[in-house]
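Chemist: build me a structure from this.
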Amino acid sequence: MKQLTQWTWLALMLVLAACSPSAPTATPTPIPPTATALPTADAKATETQIAKNIFATQTASVPTATSTPIATPTPTLAPGVLFNDDFGSKQTTLDNGWSIATSSNTDSDRAWAPNQYIMTVNKPDWITYEWPQGTYYNFGAEIEAQPSSPNAEYGIVFRISGSGATRNFYVFGITTEGQCRLRKFVDGQWVKDALVPLTPSAKINPGQAKNKLGVIADASEISLYINGFLVSTIYDDSIKNGSTGLYVLTTDNNRAQVIFSQFTLFIVDRAKTVMGKLQAPLATATPTRTPTPKFTATPLPTNTPPPPAKIQAFMPGIIPCTSWSTNGCQWNYEVIFTEQNGGYATITNIGRRYIDIKGGVWKSSGGEWETQSLGISAHGSNSYKSWVRTTPGSDPDLNNGRVIVSYEGRDVMGNTFSGSVSAKLAAAP
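Modeler: Numbering: from 1, shown residues only. The predicted structure is shown next:
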C-alpha cells in the first residue's frame, strides 16, 4: 500500500480540502452523543408521581453490543475511571453539575454537607433524581449510600434521556426493608412490569445501614451489584444511552431521606474488576414487612443469552459521481450493515482504501482504520457514510477507481467478526 509522497500530498490536499484531517475521506457517521450541558437546577429537579401496585415480572429482551463510553475522563482520574465525586467540596459538587436546591413545591430537596450529598422526598409515591454532567453509552456506576429515614428506596438512575413526555431512564435500587428491583421509565411513564420485581436479597444491609450499589450497563446487558456481589444480569435495549445519577423514592410513606457519600463511573472493563465476580443470585422469597406482606417476590426472569451475531454489509456496485469544482467528482458512499441471526453486535473499526485508475492503493495520512461505535440490534441495521473527491488527471485520479470498506466488530457475547465490501467509483459524466 502506498504512502503519499511530498508532491502527491500537495496535490491531494488541494483537491481534498473539504475532507477531514485524515484525507482523502470524510467520515460524518455519528457516534453516541458526547457529554452535553445539563438543564438548570429547576428543570433538572424532576419529581414524577409513582403509579401504585404496578410491580410484576417481565421477561427481559436480549442484548445489544458494547462500545466506548461517551464522556472523556479528566487527566486527574485513575485509569478506567470516567467520573468520581466524594462530595468533599461544595463548589466541586456544583461544578460537576449536581444541584443543591429545594424544589419549588417543597416535595423534594437536595443538600450538601462535607462528604455528603443529601436527597429528601417529602411526598408519598414520589421520586426525585439528580445527575452530574456527562452522557454515557456503556459504563459501570458504583455508589455508597445510607438512609437517614426509616423508610426509603434509593439507588442508581441511568441512561436518562429526553424530557417531559419523552423522558426515559432505568432505576436500580434497594429498600430499607431489604429488597431490590430494576425498573424503567419510557416516554414519560413507568413501564408496568419491572425488569426485576421487588425481591429480597441477603446482601442488602437493611434499615438505616450503609450500602454499596453497582450497575454495569454494557450495551443491552445490565448487571446489578449489591455490596460487591453480582445479584442479577438481565438484557434490555429499550434505552440506548444517557446520563447517570442518583435517586430516592417513597412508596406509601410520607418521607424518605438518603445520604450519598460516593459516586463513581468506570469504563466497563474496569468496572468488572472493581465490582468483583462474587455472585449471590436473588432468591424467591416472601418479604416480612408485615404478617401479610404488601409485595410478594416472584422468580426472576430467565435470560437466555442471544445467539452469535451474523453481520452482512451492503454497498451499491457503482457510486455515482457528483460534480465538484470545475471538472472534479465527489463520491458519496454508504455501507449498510444488517444483523441476520438474532444477535446483537457493534462495528468497532472501519477501514477505507481507494484504488486509482492505475491500480495504485491509497489511504489517508492518519491510517487506513478509524474507530467506530455502530450498534446493530437483532435483525436490525445501521449504516456508515463517507465521501471522497478528486479531479481527473490528479494523483490519485479515482475516476473509474474503487473504494474498499473493511470492518471489524464483536457481538454482545464477545464473538468477533470482520469483513469488507467494495464498489466502483463512476467516472465524471
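Chemist: dump the residue contacts of P316.
Modeler: Applying Cβ atoms under 8 Å, 6 or more residues apart in numbering to P316 gives the contacts Y333, A423. The C-beta positions use only the backbone N, C-alpha and C, and glycine is treated the same way.
Chemist: quickly list what N382 is bridged to.
Modeler: For N382, the beta-bridge partners under DSSP bridges are F337.
Chemist: correction: F266
Modeler: Beta bridges link F266 to V81, G140 when assigned by DSSP bridges.
Chemist: state the number of residues packed around it.
Modeler: F266: 27 surrounding residues under other Cβ atoms under 10 Å.
Chemist: test my guess that it contacts N84.
Modeler: No - checked against Cβ atoms under 8 Å, the pair F266 and N84 is beyond contact range at 9.2 Å.
Chemist: identify the residues contacting T251.
Modeler: Contacts of T251 (Cβ under 8 Å, 6+ apart): I50, P124, D125, N151, E153.
Chemist: ok, now with 7 Å
Modeler: Residues near T251 by Cβ atoms under 7 Å, 6 or more residues apart in numbering: D125, E153.
Chemist: what helix or strand does it sit in?
Modeler: Under DSSP states H and E, no helix or strand contains T251.
Chemist: do you know how far it is from G367?
Modeler: 55 Å (Cβ to Cβ, to the nearest Å).
Chemist: likewise for I376?
Modeler: Here the criterion is Cβ to Cβ. By it, I376 lies 24 Å from G367.
Chemist: where exactly do the strands run in the stretch 151-300 of the chain?
Modeler: For the stretch 151-300 of the chain, the strands defined by DSSP state E, counting those that start in this stretch cover 153-161, 168-175, 179-186, 189-190, 196-200, 211-218, 221-226, 229-235, 243-249, 256-266.
Chemist: tilt between the last one and strand 168-175?
Modeler: Okay, so that is strand 256-266. 120 degrees (axes from the mean of the first three to the mean of the last three Cα atoms, to 10 degrees).
Chemist: for the most centrally placed residue in the chain, grab phi and psi.
Modeler: Centroid-nearest residue in the chain, with Cα atoms, centre = their mean: Y137, separated by 1.4 Å. Phi and psi for Y137, reported as degrees, to the nearest 10, are phi -100, psi -60.
Chemist: any idea how far V81 is from it?
Modeler: Here the criterion is Cβ to Cβ. By it, Y137 lies 17 Å from V81.
Chemist: got it, and R167?
Modeler: In this view, R167 and V81 are 28 Å apart by Cβ to Cβ.
Chemist: ditto for G276
Modeler: When Cβ to Cβ is the yardstick, G276 and V81 sit 17 Å from each other.
Chemist: between those two, which has more neighbouring residues?
Modeler: Taking neighbours as other Cβ under 10 Å, G276 and V81 compare with V81 leading, 18 against 13.
Chemist: picking up where we left off before, nearest to T76, out of the strands of the stretch 151-300 of the chain?
Modeler: Judged by Cβ to Cβ, the one of those that comes nearest to T76 is strand 256-266, at 13.6 Å.
Chemist: packing partners for the closest one?
Modeler: Under the contact criterion of 3 or more Cβ pairs under 7 Å, 6 or more residues apart in numbering; DSSP states H and E, strand 256-266 touches strand 81-85, strand 116-121, strand 139-147, strand 243-249.
Chemist: quick one: closest of those strands to L182.
Modeler: That would be, of these and by Cβ to Cβ, strand 243-249, which comes in at 12.3 Å.
Chemist: from the middle of its chain, how far away would the closest one be?
Modeler: Per Cα atoms, centre = their mean, to the nearest Å, the displacement of strand 243-249 from the mean C-alpha position of its chain is 16 Å.
Chemist: for it, packing partners?
Modeler: Under the contact definition 3+ Cβ pairs under 7 Å, 6+ apart, strand 243-249 sits against strand 116-121, strand 126-130, strand 139-147, strand 153-161, strand 256-266.
Chemist: quick check: angle from the second one to strand 179-186?
Modeler: Between strand 126-130 and strand 179-186, the angle comes out at 80 degrees (the same axes, to 10 degrees).
Chemist: how many neighbouring residues does I118 have?
Modeler: For I118, using other Cβ under 10 Å, the count is 17.
Chemist: I'd say it and I259 touch.
Modeler: Yes - contact criterion Cβ atoms under 7 Å: I118 and I259 qualify, at 5.3 Å.
Chemist: which residues touch the helix or strand where Q330 lies?
Modeler: Taking DSSP H and E as the definition, Q330 sits inside strand 328-339. Residues from elsewhere that reach strand 328-339 (Cβ under 7 Å, 6+ apart): 15, 309-315, 319, 321-322, 324, 345, 347, 374, 376-391, 399, 403, 405, 421, 423, 425, 428.
Chemist: flag every buried residue along that strand.
Modeler: G328, C329, Q330, W331, Y333, E334, V335, F337, E339 (16 or more other Cβ atoms under 10 Å).
Chemist: residues near T166, how many?
Modeler: Using other Cβ under 10 Å, T166 is surrounded by 10 other residues.
Chemist: grab the nearest non-local neighbour of it.
Modeler: Nearest residue to T166 in three dimensions, chain neighbours excluded: D187, at 6.0 Å (Cβ to Cβ, 6 or more residues apart in numbering).
Chemist: check the gap between the one you found and V157 for me.
Modeler: Going from D187 to V157 by Cβ to Cβ gives 16 Å.
Chemist: and the residue lying closest to G173 once chain neighbours are set aside, what pLDDT?
Modeler: Closest residue to G173 apart from its sequence neighbours, by Cβ to Cβ, 6+ apart: G155 at 2.6 Å. Note on G155: pLDDT of 97.
Chemist: so G155 makes contact with F169?
Modeler: No - in terms of Cβ under 7 Å, G155 does not count as a neighbour of F169; the distance is 11.9 Å.
Chemist: so for these two, which sits in the more crowded spot?
Modeler: Comparing G155 with F169 by neighbour count (other Cβ under 10 Å), the higher total belongs to G155, at 28 against 24.
Chemist: the more buried one bridge partners, please.
Modeler: Under the criterion used (DSSP bridges), G155 bridges to G173, Y247.
Chemist: next: the one 5 residues further on.
Modeler: Beta-bridge partners of I160, counted by DSSP bridges, are S243.
Chemist: enumerate every residue touching it.
Modeler: Each residue near I160 by Cβ under 7 Å, 6+ apart is listed here: W131, F169, G242, S243, G245.
Chemist: so can I have JSON lines of these showing distance to T106 and pLDDT?
Modeler: Below are the contacts of I160 laid out as JSON lines (distance: Cβ to Cβ, whole Å; pLDDT from 0 to 100):
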{"residue": "W131", "distance to T106": "21", "pLDDT": "94"}
{"residue": "F169", "distance to T106": "23", "pLDDT": "96"}
{"residue": "G242", "distance to T106": "28", "pLDDT": "91"}
{"residue": "S243", "distance to T106": "25", "pLDDT": "94"}
{"residue": "G245", "distance to T106": "21", "pLDDT": "97"}
